[in-house]
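> pasting the structure only:
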Ligand SMILES: Cc1ncc(COP(=O)(O)O)c(C=O)c1O
């Protein structure tokens with residue numbers, strides 16, 4: 001937390017608006033829109049809930065195919081299954097680790113010939129770096145596939161002049177406790193389409209029709225963010241730029257110390273944008289480094305320091321056994337070597353140096 005949240009939470013308490021609506025929610029939504037440059041937003045209980053609504057808003061129905069990145073967290077995928085649709089996974093580009101735009105275009109061309117196109121594409125911006133979205137927007141427009149941006153990890157990242165999450169039909173963000181800014185748990189759905197956001201807002205509040213009594217003509221959800229959590233979000237939004245700067249500094253610090261070590265490779269930054277460097281992620285090649293990423297993880301764990309293997313690709317998850325994956329070898333290779341290093345913005349240079357020393361010691 002920064003110095004701002006407490007004042008907003010206090011204001012929320014003083015107003016006695018302890019509900020899943022209220023002035024803090026309205027203000028958080030409008031400040032969020034202004035920050036990322038989009039017209040409409042609805043604050044929700046999680047990024048997963050936001051994606052669930054987003055997919056419903058672009059017309060995903062039972063039996064549809066929805067394509068998404070294989071190298072991601074399951075929150076990008078489970079809402080596809082909630083709707084009775086079927087996820088199809090797409091491999092990464094080795095240069096950005098995000099969805100490969102050429103592979104996507106080639107595969108959609110083949111599917112169009114066969115007359116089976118996905119209803120939607122969930123494009124993930126991995127570890128705070130935008131996917132190469134402009135060619136993907138064109139491809140999706142060409143084939144009539146609705147583009148949903150999963151920017152859960154990428155708040156504060158940019159593609160050219162645009163913020164992550166603002167170039168698709170709809171975008172979603174997460175404020176889970178581990179994200180670059182947090183409300184302890186929460187999410188946001190954004191779009192330039194006013195009626196889409198209004199419809200999502202209505203469904204998120206139990207699909208209540210306008211009437212003095214409780215009237216329902218659709219099934220909705222209880223997905224609205226509370227006024228208290230929105231107060232935290234408003235405080236956090238004020239330090240987003242600082243957080244991005246701090247995250248990028250942490251990455252640079254690691255890279256300076258480890259960038260020339262044989263067998264260590266850092267997640268590249270694509271030339272089209274600026275990553276928020278949510279996590280500093282490295283690949284460790286055991287042939288050159290001497291030991292593998294798991295040995296390094298265990299050495300850190302022995303010193304009470306948490307690091308994590310990168311996301312296990314979705315096509316390798318037991319729950320998605322038998323699901324289709326287009327390619328997959330790039331994501332598998334990244335998973336076999338990838339390690340997320342401690343990247344909390346409260347880390348001091350001494351803390352980072354401690355991690356670096358342990359990593360380097362692993363070679364001995
Ligand atoms: C890429 C991605 N998508 C979706 C989610 C889901 O967000 P939430 O945890 O807020 O439901 C997360 C993270 O948690 C994520 O990293």
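Arrived safely. Treat the numbers as computed from the prediction; the structure is a model and nothing was measured.
> could you show me where the helices are in the chain, in order?
Defined through DSSP state H, the helices belonging to the chain, from first to last, are 5-15, 23-36, 47-57, 78-82, 101-114, 133-143, 194-204, 227-237, 240-258, 286-289, 293-302, 329-337, 349-361.
> what's the closest of those helices to the ligand?
Proximity to the ligand, assessed across these by C-beta to the nearest ligand atom, is greatest for helix 47-57 (2.6 Å). Quick note: C-beta positions are derived from backbone N, CA and C, even for glycine.
> Which parts of that closest one count as buried, going by neighbours?
Residues of helix 47-57 classed as buried by neighbour count (16 or more other C-beta atoms under 10 Å): 47, 48, 49, 50, 51, 52, 53, 54, 55, 56, 57.
> list the contacts for the fourth one?
In other words, residue 50. 44, 172, 173, 174, 187, 188, 189 (C-beta atoms under 8 Å, 6 or more residues apart in numbering).
> Could you do the fifth one as well?
Contact partners of residue 51, counting by C-beta under 8 Å, 6+ apart, are 75, 76, 79, 122, 148, 150, 172, 187.
> same thing with the third one?
If a contact means C-beta under 8 Å, 6+ apart, then residue 49 has 187, 204, 221, 223 as its contacts.
> Please indicate which of the residues you listed has the highest neighbour count?
Of all the contacts of residue 49, the most densely surrounded is residue 187 (28 neighbours; neighbours counted as other C-beta atoms under 10 Å).
> so who does that residue touch?
Residues in contact with residue 187, defined by C-beta under 8 Å, 6+ apart, are 43-51, 152, 172-175, 225.
> of the residues you listed, list those near the ligand.
The subset of these within reach of the ligand, by C-beta under 6 Å from any ligand atom, is 46, 47, 48, 152, 174.
> any chance of those residues in JSON lines, with pLDDT too?
Rendered in JSON lines, the data for those read as follows (pLDDT from 0 to 100):
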{"residue": "46", "pLDDT": "98"}
{"residue": "47", "pLDDT": "98"}
{"residue": "48", "pLDDT": "98"}
{"residue": "152", "pLDDT": "98"}
{"residue": "174", "pLDDT": "98"}
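> interface residues of this protein facing the ligand?
Taking C-beta under 6 Å from any ligand atom as the criterion, the neighbours of the ligand within the chain are 46-48, 72-73, 75-76, 124, 150, 152-153, 174, 176, 187.
> Next, count neighbours for the residue of the stretch 51-200 of the chain found nearest the ligand.
Taking C-beta to the nearest ligand atom, the ligand has its nearest neighbour within the stretch 51-200 of the chain at residue 75, 2.7 Å off. Each residue near residue 75 was counted by other C-beta under 10 Å, and the total is 22.
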